[in-house]
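> pasting the sequence and the predicted model now:
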Amino acid sequence: MKIGIIGCGTIAHSAHIPSYMANPKAQIKYFCDIIPERAEDAVKKYGCGIAVTDYKEVLADPEVTAVSVCTPNLMHSVIAIAALEAGKHVLCEKPAARIYEEALAMQEAQKRTGKILNIGVVNRFNTNVNKLKEMIDNGDFGEVYYVYVSFRAHRSIPGLGGAFTTKAIAGGGALIDWGVHFLDIVMYCCGDPKAKTVSAETFSKLGNPICDYVYKDSWAHEPIHDGIYDVEEGVTGIVRTEGPVINVNGAWAQNIGEREMFIDFIGTKGGARLQYGKDFTFYSTKNGMLTSTTFVNKSAPMFQAEIDGFIDCIETGKKLPSNIDYNILTSQMMDAIYRSAELHEEVKL
Ligand SMILES: NC(=O)c1ccc[n+]([C@@H]2O[C@H](COP(=O)([O-])OP(=O)(O)OC[C@H]3O[C@@H](n4cnc5c(N)ncnc54)[C@H](O)[C@@H]3O)[C@@H](O)[C@H]2O)c1
């Protein structure tokens, strides 16, 4: 199966390319990047493929079965829709798109073309997340009525002034970049419940003016003093869904001492704290006593599972949990969070 990699940056190198290389059914035919050296370097590094700068060249090749879209968010919907219309199956990195309307257009293109469109919500392939979901589905939690989501870091805005903090490129800040993974885990584990009402606020307090920002780490690149900062570094909100109430607290940067990256699933019979990307502890009662059990799983490499699943579903037509039809609900929820924050009032869906 011939594959095109569109966007040869961090996530392409750390996840998509090595995973396709390790799948015996896949062969990368194109490395595409608007920066020619990035595409050429990938050809040299992996010893395969053709380097191109225009994704349309990849889409015009009838030999290409599928593409991974690993560009910044700005281009997700444009490239994914063009690829579907060219008859290619698509794995598009998260978030699906900058805004809900773009994600809806992607879903519409998927329905029209009948090709596969999966989103890179890779936690749906994480062993611990799946074990926790299994326990919820088996009734071990009773009714999960409340979920508390915390993704908060101590002054850690990525590349302030660059693509991450420019709304026209990223679509948003901490919510769309980190929150999308956390909300996606909640949605997956709780059966993808639709949002009903949202009341939220976003904060853009610490990064302005950019030259005065003091930080712990900047993990994309150093701040660009004359760059753009028009997204949120923090978000808080309450989402009522057809399932549990979700309480969201997230921030790339806050004046806190410790990072908090976890989700609490609170049920009538039991609850659990899932440490993001790690294990979870389940709290319950037995024989009139309190219990707590930490489940320790050796998580299988989730990016490999995501790519293997993509290749497999192209062959079998199986619908994966990363399909756009599920992800669209998270996109809608994030859109409502942003709308509520802008209006400073509750939004009904
Ligand atoms: N799943 C995850 O955990 C995860 C982690 C990191 C990033 N991501 C997502 O992956 C995407 C890319 O992030 P990244 O950190 O790899 O960014 P990056 O900047 O390192 O790489 C993006 C690459 O795309 C190229 N590009 C831009 N426009 C292009 C176009 N029109 N055609 C071809 N190439 C183009 C850029 O030149 C760059 O090399 C983002 O949407 C991000 O949210 C997901």
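Ah, there it is.
> okay, the residue of the stretch 1-150 of the chain found nearest the ligand: pLDDT?
Nearest to the ligand, among the residues of the stretch 1-150 of the chain, is Gly9, at 1.8 Å (Cβ to the nearest ligand atom). No exception for glycine: its C-beta is placed from N, CA and C like everyone else's. The model reports Gly9 with a pLDDT of 96.
> what's around it, how many residues?
When neighbours are defined as other Cβ atoms under 10 Å, Gly9 has 14 of them.
> show me what contacts it?
Neighbouring residues of Gly9 by Cβ atoms under 8 Å, 6 or more residues apart in numbering: Asp33, Arg38, Cys70, Thr71.
> so where is this protein shaky, pLDDT-wise?
For the chain, applying pLDDT under 70 flags no range at all.
> hang on, the earlier thing: for the residue of the stretch 1-150 of the chain closest to the ligand, give its distance to Ile99.
Separation of Gly9 from Ile99 (Cβ to Cβ, to the nearest Å): 22 Å.
> what do you get for Asp54?
25 Å.
> look at those two and report which has more neighbours.
Ile99 (20 against 11).
> strands of the stretch 201-349 of the chain, start to end?
All strands of the stretch 201-349 of the chain, identified by DSSP state E, counting those that start in this stretch, fall at 234-241, 245-254, 260-267, 271-275, 280-286, 289-295, 347-348.
> to clarify, my last question referred to the stretch 51-200 of the chain.
Under DSSP E, counting those that start in this stretch, the stretch 51-200 of the chain gives strands at 64-69, 89-92, 117-119, 144-154, 195-203.
> tell me how far the third one is from the chain's mean position?
If you compare the mean C-alpha spot of strand 117-119 with that of the full chain, they lie 11 Å apart, counting by Cα atoms, centre = their mean, to the nearest Å.
> is that strand up against the ligand anywhere?
No - interface with the ligand: strand 117-119 contributes nothing (Cβ under 6 Å from any ligand atom), its closest point being 9.4 Å away.
> that strand packs against which elements?
strand 89-92, helix 100-113, helix 302-316, helix 324-343 (3 or more Cβ pairs under 8 Å, 6 or more residues apart in numbering; DSSP states H and E).
> make it 7 Å
strand 89-92, helix 324-343 (3 or more Cβ pairs under 7 Å, 6 or more residues apart in numbering; DSSP states H and E).
> what do you get for the longest one?
Using 3+ Cβ pairs under 7 Å, 6+ apart as the contact test, the elements touching strand 144-154 are helix 180-189, strand 245-254, strand 260-267.
> please identify the most buried of the ones you listed.
helix 180-189 (a mean of 25; mean count of other Cβ atoms under 10 Å).
> ok, residues contacting it?
Contacts to helix 180-189, defined as Cβ atoms under 7 Å, 6 or more residues apart in numbering, come from residues 94-95, 121, 123-124, 129, 132-133, 136, 147, 149, 151, 246, 263, 265, 321, 329-330, 333-334.
> repeat that for stretch 314-324.
1, 65-66, 89, 96, 106-107, 110, 116-119, 121, 124, 188, 306, 309, 312-313.
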